[in-house]
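Enquirer: Could you work out the structure for the sequence below:
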Amino acid sequence: MHRLFRRQIRKSLAQNVPPILQEANFVFSKGEYGRAAELFEQLARTAEGRGGPRAPLFYLQAGRARLLAGQAALGIPSLQRGLELLAQRGQFQRLNQAGKRTVRELVEQGLNAEASAIEAWLGSVLPAGIPIEMSSVERGVLPTHCPACGAPLRPSDVEWLDERTAECGYCGSPVRENP
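Expert: You can find the predicted model right below:
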């Protein structure tokens with residue numbers, strides 16, 4: 001009975017996830033980065049237009065997809081917009097984490113000037129007192145992808161609802177750690 005209940009919850013969660021988000025995550029996971037970027041950009045613009053809390057994450061993922069597609073000139077503005085929205089909303093811990101990851105990914109792509117520019121900007125907007133290193137709090141092991149929308153899950157990027165349950169940043173579905 002318990003298993004059936006969990007299956008019904010997952011099914012109902014998946015039904016509430018917009019198909020475009022599922023498709024964006026699916027094509028990203030298949031390596032179709034150009035298409036994924038287009039979908040994430042559309043999601044980001046729509047979410048930003050209505051003041052949605054996930055707009056920064058969609059912009060960041062669109063930028064990542066553009067970088068992976070070899071389209072850095074198109075990806076940098078999305079990365080910057082995602083970070084700017086986090087700063088405007090006062091989400092400084094998330095900005096710190098997303099900013100560090102963005103700088104690291106730009107350096108990995110050989111985009112050192114862009115990485116330096118974002119790093120300098122982060123230094124100008126992050127308030128003093130934001131920890132230099134990401135939190136090292138021990139958390140459970142999450143599935144690699146959200147069961148509802150297929151988004152990648154990183155324990156350091158999700159909002160933990162309790163010791164064993166995190167919220168998917170893309171669709172808001174609760175995700176329990178692996179047993």
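Enquirer: so what pLDDT did residue 9 get?
Expert: In this model, residue 9 is scored at 44, pLDDT.
Enquirer: and what of residue 52?
Expert: At residue 52, pLDDT is 91.
Enquirer: Now for it: which residues touch it?
Expert: Neighbouring residues of residue 52 by CB atoms under 8 Å, 6 or more residues apart in numbering: residue 46. Every residue, glycine included, has its C-beta placed from N, CA and C.
Enquirer: Now it: phi and psi?
Expert: phi -70, psi 140 (degrees, to the nearest 10).
Enquirer: Repeat that for residue 119.
Expert: phi -60, psi -40.
Enquirer: so it touches residue 102, yeah?
Expert: No. Taking contacts as CB atoms under 8 Å, residue 119 lies outside contact range of residue 102: 9.2 Å.
Enquirer: The two - which one has more neighbours?
Expert: When residue 119 and residue 102 are compared for neighbours, residue 102 comes out ahead with 25 against 15, by other CB atoms under 10 Å.
Enquirer: pLDDT at that one, what is it?
Expert: The model's pLDDT for residue 102 equals 96.
Enquirer: in which helix or strand would I find the most centrally placed residue in the chain?
Expert: Central residue of the chain (CA atoms, centre = their mean): residue 57, 4.2 Å from the mean position. Secondary structure assignment for residue 57, by DSSP states H and E: helix 55-68.
Enquirer: next helix or strand past that helix?
Expert: Next element after helix 55-68 (DSSP H and E): helix 72-88.
Enquirer: I'd like the average pLDDT over that next one.
Expert: On average, helix 72-88 scores 97.
Enquirer: Same question for stretch 111-130.
Expert: Stretch 111-130 comes out at a mean pLDDT of 92.
Enquirer: Now do the SS call for the closest residue in space to the residue nearest to the centre of the chain that isn't next to it in sequence.
Expert: Here the nearest residue to residue 57 in space, its sequence neighbours aside, is residue 169; by CB to CB, 6 or more residues apart in numbering that works out to 5.0 Å. What DSSP: H, G, I helix; E, B strand; the rest coil gives for residue 169 is coil.
Enquirer: roughly how far apart are residue 169 and residue 76?
Expert: Distance of residue 169 to residue 76, given as CB to CB, to the nearest Å: 21 Å.
Enquirer: how does the protein divide up, domain by domain?
Expert: Residue ranges for each domain of the chain read 19-128, 139-179, as given by automatic domain parsing.
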